[in-house]
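Student: pasted the sequence and its predicted model underneath.
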Amino acid sequence: MSEQILKINKVDICTESFGNPKDPAVLLIMGAMSSLDWWDEDFCLRLADQGRFVIRYDHRDLGRSTIYDPGTSNYTITDMADDAAGVLDAYSIDQAHIVGMSLGGLIGQILTLRYPDRVFTLTLIASSVFGTEMEKLPPMDQSILDHHAKSASIDWSNRDAVIPYLADGWKTLAGSKPYEQERINKLAEREADRAKHLRSRFNHALLRGGDVYYDRMGEISIPVLIIHGTEDPALPYEHGLALAKTIPHAELVTLDGSGHEIHSEDWDQIIDSVVKLSS
């Protein structure tokens, strides 16, 4: 494992890599308001053990990457796709297998359309359609919005208050599989300890742009894998079904009982599916 701060698109992007750089590259793109820590290190190591060179990174406004003042909007979702391409450039990788979670899946779709020669395969975990179809699909569960509304009353300088808030955020995203309290708490602690400014994460709620790529998912011709939990409260299962209909020849893998999460019980199925797709 090796962490680097890279200068990409005139900003700092923090990355970590696992495995042999000579192996096929897999770029992991996490969702909104979630640092690279939420690609669990053990998950990354398992994927690397399958003969893949795995890279995870902090989006802007997260972890050790460039952050902006809370409440400001300084970049678009297209800029975030360019950041992903810049990470590949920094590692001298011409083409990679892209795995995006939630917002990371939307970024992956734009990346694939914007840089079609850079993407071998695309895996979309707990994501949705980048287009008008998304507006017709079931909305996020109110409990998630209620949890984030509590952020205004959090003392962000108090680690003992911040860690439970971060962990409880993932609890609102869980399905019916056993909630992994110990593992999630450890990841929340790591995120809290690495972050430059935790409140800047909410700038992702102001994210806009990418309109030129709206409703163009039918143009994606590479192999695509869609992985979605049946009990996802943030982007309900219907979003995964819609993706499978929108992207030609996409394969859908259903995670029974899983929510908007990468539950450790699903790691083997996810990793096996990604490795099979990228073989």
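Tutor: Perfect, thanks for sending it. Numbering: from 1, shown residues only.
Student: how about P248, phi and psi?
Tutor: Main-chain dihedrals, P248, degrees, to the nearest 10: phi -60, psi 140.
Student: you'd agree it is up against I220?
Tutor: Yes: using CB atoms under 8 Å, P248 is in contact with I220, at 7.0 Å. For the C-beta atoms, the positions are set from N, CA and C on the backbone; glycine is no exception.
Student: I'd say V224 and K245 touch.
Tutor: No: applying CB under 8 Å as the test, V224 and K245 come out as separate, 12.0 Å apart.
Student: compare these two and say which is more crowded by neighbours.
Tutor: Neighbours per residue (other CB atoms under 10 Å) separate V224 from K245, with V224 holding more: 26 against 13.
Student: out of P248 and I220, which sits in the busier spot?
Tutor: More neighbours surround I220 than the other of P248 and I220, with 20 against 12 (other CB under 10 Å).
Student: got the contact list for the more buried one?
Tutor: Q109, T112, L113, L122, I247, P248 (CB atoms under 8 Å, 6 or more residues apart in numbering).
Student: now do 7 Å
Tutor: T112, L113, L122, I247 (CB atoms under 7 Å, 6 or more residues apart in numbering).
Student: want to throw those into a markdown table with neighbour count and pLDDT?
Tutor: Listed next are the contacts of I220 as a markdown table, based on neighbours: other CB atoms under 10 Å; pLDDT from 0 to 100:
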| residue | neighbour count | pLDDT |
| --- | --- | --- |
| T112 | 25 | 98 |
| L113 | 18 | 98 |
| L122 | 23 | 98 |
| I247 | 23 | 97 |
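Student: filter those down to the ones in helices?
Tutor: Among those, DSSP state H puts T112, L113 in helices.
Student: farthest pair in the contacts of I220?
Tutor: For the contacts of I220, the maximum inter-member distance is 11.1 Å, found between L113 and I247 (CB to CB).
Student: quick one: contacts for L207?
Tutor: I77 are the contacts of L207 under CB under 7 Å, 6+ apart.
Student: got it, and E219?
Tutor: E219 makes contact with L113, according to CB under 7 Å, 6+ apart.
Student: so for it, what's the pLDDT?
Tutor: As predicted, E219 sits at a pLDDT of 97.
Student: what's across from the closest residue to A250 other than its chain neighbours in the sheet?
Tutor: Closest residue to A250 apart from its sequence neighbours, by CB to CB, 6 or more residues apart in numbering: V224 at 4.1 Å. For V224, the beta-bridge partners are L122 (DSSP bridges).
Student: any idea how far V224 is from I144?
Tutor: From V224 over to I144 the distance is 26 Å, taken as CB to CB, to the nearest Å.
Student: just R114 next, same as before
Tutor: R114 is 29 Å from I144, by CB to CB.
Student: contacts for stretch 66-86, please.
Tutor: 8-9, 11-13, 27, 29, 59-61, 106-107, 110-111, 114-115, 118, 196-197, 199-200, 202-203, 206-210.
Student: hmm, 8 Å instead?
Tutor: Residues contacting stretch 66-86 (CB under 8 Å, 6+ apart): 6, 8-9, 11-13, 27, 29, 57, 59-61, 98, 103, 106-108, 110-111, 114-115, 118, 196-197, 199-200, 202-203, 206-210, 212-213.
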